[in-house]
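Trainee: Structure, please.
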Amino acid sequence: MASRKVAVIVGSLRKESFNRKVAKTLIQLAGQKLDMEIVEIGQLPLYNEDDDANPPPVYTEFRERIKGYDGVLFVTPEYNRSVPGVLKNAIDVRSRPYGQSAWNGKPAGVITASPGAVGGFGANHHVRQMLVFLNMPAMAMPEAYIGGVAKMFDGDNLTNDSTRAFLQTFVDAFATWVERHAD
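Mentor: Numbers count the residues shown, from 1 in each chain. Below you'll find the predicted structure:
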């Protein structure tokens, strides 16, 4: 299988974010199947349509960078039964100006992780709702909700073997998904 480039968007800005740790684990597990890298989103100012005629340079850089990827993996916590504002903002920045979205057609995957038992179910499905509108084919299975994540890491090292096995299954399926749907 050819190695495809995948942007990993982490929906948390916390330095010790569990979702960032999950993302790093997925990058390791992808091996040669996918060339995955985290694309930072915390530097993006809040989207304002008034800026479309003269966007901040950081918007342009982010938009151009995303164009270079074959697929996108969203790894996010759940805030108040939805997505963190920073993730929604990044999605909005990249989808605008209207009609010029570089998300269009890019295969996507979604993983949510939470210390709680539900594993970010609400956020996962809110991202999926946005992907439908953005015309991003989202991998349906396996669904990925990682509950109890706070007890699964020693530093950045995932210590839960069953979760590691599941993440391997997920990233293998995602590699196939990207290969099947990338331009």
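
Trainee: what about Ser92, distance to Gly119?
Mentor: Quick fix: residue 92 is Asp, not Ser. In this view, Asp92 and Gly119 are 25 Å apart by CB to CB, to the nearest Å. Every residue, glycine included, has its C-beta placed from N, CA and C.

Trainee: Name the residue in those two with the higher neighbour count.
Mentor: For Asp92 versus Gly119, neighbours defined as other CB atoms under 10 Å are more numerous around Gly119 (21 against 15).

Trainee: That one contacts Gly147, correct?
Mentor: Yes. Counting by CB atoms under 8 Å, Gly119 touches Gly147, with 3.6 Å between them.

Trainee: So for the two, which residues contact both of them?
Mentor: Ala113 (CB atoms under 8 Å, 6 or more residues apart in numbering).

Trainee: Which element, helix or strand, includes the residue most central in space within the chain?
Mentor: With distances taken as CA atoms, centre = their mean, the residue of the chain nearest its centroid is Phe74 (1.3 Å). Assessed by DSSP states H and E, Phe74 sits inside strand 71-76.

Trainee: and if you look at Asn89?
Mentor: helix 85-95.

Trainee: Then Thr60?
Mentor: Using DSSP H and E, Thr60 maps to helix 57-67.

Trainee: Only alpha carbons, please: show that helix as CSV.
Mentor: Provided in CSV are the C-alpha atoms of helix 57-67 (Å, rounded to 0.1, in the frame of the first residue of the first chain):
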residue,chain,number,x,y,z
PRO,A,57,-1.5,35.1,6.9
VAL,A,58,-1.9,32.3,9.5
TYR,A,59,-5.2,31.4,7.8
THR,A,60,-3.6,31.3,4.4
GLU,A,61,-0.7,29.1,5.7
PHE,A,62,-3.1,26.7,7.4
ARG,A,63,-5.4,26.5,4.3
GLU,A,64,-2.5,25.8,2.0
ARG,A,65,-0.9,23.2,4.3
ILE,A,66,-4.1,21.2,4.6
LYS,A,67,-4.3,21.1,0.7
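
Trainee: got the angle for that helix vs helix 85-95?
Mentor: Per axes from the mean of the first three to the mean of the last three CA atoms, to 10 degrees, the angle that helix 57-67 makes with helix 85-95 is 80 degrees.

Trainee: What's the mean pLDDT across helix 57-67?
Mentor: In this model, helix 57-67 has a mean pLDDT of 95.

Trainee: from memory the residue nearest to the centre of the chain sits against Val110, does it?
Mentor: Yes. Counting by CB under 8 Å, Val110 is a contact partner of Phe74 at 4.9 Å.
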